[in-house]
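Student: Next come a sequence and a model predicted from it.
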Number of protein chains: 2
Amino acid sequence: MTEQSLPLAGIGIAALERDIGVGKDTLRVWERRYGFPKPHRDAIGERVYPADQVEHLRLIKRLMDQGQRPGVLLRMPLTELCEQSASTAIGIGADEAVDWVIPMLKARDVDHLRAEFAQRLARDGLERFVTKTVPALNRRIGDGWMTGEIEIYEEHLYTELMQNQLRSSIYALASRGKRPHVLLTTVKDEEHLLGLLMAEALLAANGAWCLSLGAQTPTSDIVGATVGSTIDIVALSFSSAYPWRKARNVLVELRAALPGNIELWAGGAALIGRERMIPSVVVLETLGHIGTALTNWRKLRGGASSEHGAT
Amino acid sequence: MTEQSLPLAGIGIAALERDIGVGKDTLRVWERRYGFPKPHRDAIGERVYPADQVEHLRLIKRLMDQGQRPGVLLRMPLTELCEQSASTAIGIGADEAVDWVIPMLKARDVDHLRAEFAQRLARDGLERFVTKTVPALNRRIGDGWMTGEIEIYEEHLYTELMQNQLRSSIYALASRGKRPHVLLTTVKDEEHLLGLLMAEALLAANGAWCLSLGAQTPTSDIVGATVGSTIDIVALSFSSAYPWRKARNVLVELRAALPGNIELWAGGAALIGRERMIPSVVVLETLGHIGTALTNWRKLRGGASSEHGAT
DNA sequence: TCATCGGTTTGTCCTAGACAAACTGAAAAC
DNA sequence: GTTTTCAGTTTGTCTAGGACAAACCGATGA
């Protein structure tokens, strides 16, 4: 009785923008230029995107994030798109065997998942867990979702459990006062926290003092939070759904607004291949670079902590 | 050379959207309807908002967040706006002396705040901490923000620190398998997590097994997450910012979609005074009612756990 | 091998109109 | 006396097609 109420099921353009990470204007202009996506219209003529087109778009966005061109992908039939996706997936290969996570998620075996995460973390250490196991798990979940192997809420559940695991590790590591002091957050419209938590865990493991403001802090608040504080570094995370141009604009704007003695670090899938793009912003292409960046900072700034009064 | 290049300094509409948190469409329609903001135009006719208008808008947004109406604020001269901002300052009653939090926040004394939270929690116990101290702190922070005593990002910071405190308490309490099994989350467009975490802490302290899906889970995912699981209760939190009619609709819809043997609990400021509104949904007006509701559930359902197969 | 240049692609901004959801306040019903 | 209902108003988001700059492409020249 509950399902039949909406035979024209689908989502609106604002929801699609959030889901896929492509602006409303862009979605409309794609429809005009390439004839795809071609959403249904509801009673008042507004766009309603059915689930299959949303999936189709998600695949396109994924390939775009790998550097493919929109005009080509949007004209390509779905079958060919799938081949593209399959052929790019080979190169990565087996980082670590993590297939166990799928059946556990399907069985809603929450206690078991929690235990498995905790056990692997204890056995391998935080650094290996965060740089190897978690990315492998994320990839496996992402693939499983693309192939329809797992449902959206199972991905949601995984994310939630992993976030809790990381939070408790970070809490246990909390160091007092040690330099550098790092402010972590994501900007408005970027709600993915997992990457940020992974970064925070690595920073904390390397003895940095971390302060996370959580997700979606407006830029003016980020600046405000550094005023009169002892923050040395502001670190931001951008997921692949975040349009990289927008990320660049935010970074340029924030760089200009922050005092010069505070470094600005940025990372996440949205910035891969864009290291050179933003002047005087440290772009960390992978989590592994955090350690190096931290060592560099300590070498350059660590000894000169008395300089903090400089304008 | 870099600074002087723009004598007509200002920001574009996309940057303003990020800064203030008001959509591009809304900004344009305000200009059309109320004549404010009235940005300059650059060489190609695009909007350029000067700094004073940005500040003016920031003030308006702040008063809007307190519940004032846009049409009134946008027609009001700046001077009157400032008076408004100043005059909303009145104190309520003293639940508990929590004024200490303000200077600590102003001093960005994060370590001290964390320590203070942890100490009070250890001294008074979780139940008292969550039902008395945290609400008192929330109220004090809210007041401080209305009066301009503290900045928005300081409220943000408080929320983040408190959430971490609660999360670590919950993690430490995690009970295995004990009934009832409670699924906690907020619905789409409700991003406030603090109330949900407070509820989770109380539930966990009373021996319930909790699974939090975090914020903004789509209703279909909430239903999906209960399928094939052992969930007894779905619990939702609605902050005061959530329109109560919308809350009622969501609850009615969700009640219909969930199997009858799963209870639906809802709480939060949006539902105060609306206990009778939704049939067969348990509306918890205050956090204190969680304990009673739990006892009731155990009396009615606890003994009959073999019923869980019923559809 | 690297820089320069025209042509093409692509995202974002523009205008102005429309409409549903949310809010307001008064009248009606419990 | 409280709560629900209802009409009127406010308010945000959507639609359409046009425009243009910045980014990207491939070819030509140094």
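Tutor: Nice, I can see it. Worth saying up front: this structure is predicted, and the values here are computed from it rather than measured.
Student: what's near enough to touch the closest residue to chain B within the stretch 201-311 of chain A?
Tutor: Going by C-beta to the nearest C-beta, chain B is nearest to A:D221 of the stretch 201-311 of chain A, at 3.6 Å. No exception for glycine: its C-beta is placed from N, CA and C like everyone else's. A:D221 makes contacts with A:213, B:151-153, B:156, as judged by C-beta atoms under 8 Å, 6 or more residues apart in numbering or on different chains.
Student: now with 7 Å?
Tutor: B:152-153, B:156 (C-beta atoms under 7 Å, 6 or more residues apart in numbering or on different chains).
Student: what's the distance between the closest residue to A:V223 other than its chain neighbours and A:L251?
Tutor: Nearest in space to A:V223, with sequence neighbours left out and distances taken as C-beta to C-beta, 6 or more residues apart in numbering or on different chains, is A:A257 at 4.8 Å. Plainly put, A:A257 is 11 Å away from A:L251 if you go by C-beta to C-beta, to the nearest Å.
Student: and these two? which has more neighbours close in?
Tutor: Neighbours per residue (other C-beta atoms under 10 Å in any protein chain shown) separate A:A257 from A:L251, with A:L251 holding more: 25 against 14.
Student: B:A269 versus that one, what's the distance?
Tutor: 37 Å.
Student: With A:V48 instead?
Tutor: For A:V48 relative to B:A269 (C-beta to C-beta), the value is 33 Å.
Student: Surely A:V182 is in a strand?
Tutor: Yes: when DSSP: H, G, I helix; E, B strand; the rest coil is applied, A:V182 is found to be in a strand.
Student: count of neighbours near A:T131?
Tutor: 18.
Student: What of the one 3 residues further on?
Tutor: A total of 25 residues lie near A:V134 under the criterion other C-beta under 10 Å.
Student: who touches the residue lying closest to it once chain neighbours are set aside in this structure?
Tutor: Sequence neighbours aside, A:M198 is the residue nearest to A:V134 in space, at 6.0 Å (criterion: C-beta to C-beta, 6+ apart). Counting by C-beta under 7 Å, 6+ apart, A:M198 makes contact with A:130, A:134, A:166, A:287.
Student: which one of those residues sits closest to DNA strand C?
Tutor: A:L287 (26.5 Å; C-beta to the nearest atom of the strand).
Student: I'd say that closest one and A:T131 touch.
Tutor: Yes: between A:L287 and A:T131 there is a contact at 5.1 Å, judged by C-beta atoms under 7 Å.
Student: For the stretch 51-200 of chain A, which residues are neighbours of chain B?
Tutor: A:108, A:110-111, A:151-153, A:156-157, A:160, A:164, A:167-168, A:171, A:176-177, A:188 (C-beta under 7 Å from any C-beta of the partner chain).
Student: Let's see that with 10 Å instead.
Tutor: The stretch 51-200 of chain A comes close to chain B at residues A:106-111, A:114-115, A:151-157, A:159-161, A:163-165, A:167-168, A:170-172, A:174, A:176-177, A:181, A:183, A:185, A:187-189, A:191, A:193, as judged by C-beta under 10 Å from any C-beta of the partner chain.
Student: Which of these fall in helices?
Tutor: A:106, A:110-111, A:114-115, A:152-157, A:159-161, A:163-165, A:167-168, A:170-172 (DSSP state H).
Student: which among those residues end up buried?
Tutor: In terms of neighbour count (16 or more other C-beta atoms under 10 Å in any protein chain shown), the buried residues within these are A:110, A:114, A:153-157, A:159-161, A:163-165, A:167-168, A:170-171.
Student: Spatially central residue in chain A, please.
Tutor: Central residue of chain A (C-alpha atoms, centre = their mean): A:S239, 2.6 Å from the mean position.
Student: element containing that residue, please.
Tutor: Counting by DSSP states H and E, no helix or strand carries A:S239.
Student: same check, this time on A:V134
Tutor: Assigned by DSSP H and E, A:V134 falls in helix A:134-146.
Student: For that helix, buried residues please.
Tutor: For helix A:134-146, the neighbour count (16+ other C-beta under 10 Å) marks A:134-138, A:140-141, A:144-146 as buried.
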